[in-house]
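Asker: I'd like to go over a predicted model; first the sequence, then the structure.
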Protein chains: 2
Amino acid sequence: MVHYSTSRLDASFAALSDITRRGVLEQLGRSDASITELADRFHMTLTGMRKHVGVLEHAGFVTTEKVGRVRTCKLGLRGLEAEAAWIESYRQVWASRFDALDRVVEDLKLREKRDE
Amino acid sequence: MVHYSTSRLDASFAALSDITRRGVLEQLGRSDASITELADRFHMTLTGMRKHVGVLEHAGFVTTEKVGRVRTCKLGLRGLEAEAAWIESYRQVWASRFDALDRVVEDLKLREKRDE
DNA sequence: TGAATAGTGAACCATATGGTTCAGTGTATA
DNA sequence: TATACACTGAACCATATGGTTCACTATTCA
């Protein structure tokens, strides 16, 4: 089995678990943005948004650069390759453990038993 | 753009952000296990492990059934399709926003500037 | 029946998270 | 130079998280 850096996966899955942060990634996929722009779009204070951006930065999904008084945020170099790889390996575990049809039958039996 | 259930993604990414829970998924990929077995393997109290299993259950990754005094945990019907799909869509965003080589160059420039 | 086993539920604890306000600093602009 | 703007840092707050202990119930087994 491939080795995945645990603290990295911790940080990146945690970063993705918040809907605002997923929204920020979506926004930055369309265009770079300042903290102020992101804060406005997500109805949040500058300080609050800065924290979200910090989490995304820490996870490596976003990079920022301050020019003058404006900090511009953009998608980071690193994409979601590691996370995609982890998830893909588990999809294979699932598939190898049982094929989907078998499992549906098994689940139905379980429900019947429960509802008796 | 495809629509993803937000609370579901919240729950599943949060579930995956803990190394113990990822370990439990790995273990259940090999064989079903009781709470006691999982607690032993991960050096944790029964109560602590039960909470982790609850989180995985809530995210839909695990199902459990209690027979007699033993609660057996197994991989749930639902795999990681939704998460894989979300991540894949973002990998495409990344790819469309810039190709990898351009971005490397851009990043190098940025580093040079910073180190001047 | 009695003792060991498997799990549960409540309470508790320390720390993390997601947010705010407020008082700054530094930058741009009239 | 004065004012507005973009951001930062510290402090604070409520709630969530990851863990524990302890008392308990229910089941198994000798």
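Answerer: Right, received. Where do you want to start?
Asker: which residue, other than its chain neighbours, is closest to residue A:75?
Answerer: Closest residue to residue A:75 apart from its sequence neighbours, by Cβ to Cβ, 6 or more residues apart in numbering or on different chains: residue A:28 at 5.0 Å. Just so you know, the C-beta spots here come from the backbone N, C-alpha and C atoms, and that holds for glycine as well.
Asker: return the helix or strand in chain A with minimum mean pLDDT.
Answerer: helix A:100-115 (a mean of 57; mean pLDDT, DSSP states H and E).
Asker: so what's the residue nearest to residue A:75 up against?
Answerer: A:62, A:73-75 (Cβ atoms under 8 Å, 6 or more residues apart in numbering or on different chains).
Asker: neighbour-wise, which one of the residues you listed leads?
Answerer: Counting neighbours by other Cβ atoms under 10 Å in any protein chain shown, residue A:73 leads the contacts of residue A:28 with 24 neighbours.
Asker: distance check, it against residue A:83.
Answerer: 20 Å (Cβ to Cβ, to the nearest Å).
Asker: now the spatially most central residue of chain A: how far from residue A:57?
Answerer: In chain A, the residue lying closest to the centroid (Cα atoms, centre = their mean) is residue A:16, at 2.5 Å. For residue A:16, the distance to residue A:57 equals 14 Å [Cβ to Cβ].
Asker: now residue A:87
Answerer: When residue A:87 is compared with residue A:57 (using Cβ to Cβ), they lie 22 Å apart.
Asker: between those two, which one's more packed in?
Answerer: Neighbour count, other Cβ under 10 Å: between residue A:87 and residue A:57, residue A:87 has more, with 22 against 15.
Asker: which helix or which strand is home to the more buried one?
Answerer: helix A:81-97 (DSSP states H and E).
Asker: if we can go back for a sec, can you get me a residue count around the residue lying closest to the residue nearest to the centre of chain A once chain neighbours are set aside?
Answerer: In this structure, residue A:16 finds its nearest non-sequential neighbour in residue B:13, 4.4 Å apart by Cβ to Cβ, 6+ apart. Neighbourhood size, residue B:13 [other Cβ under 10 Å]: 24.
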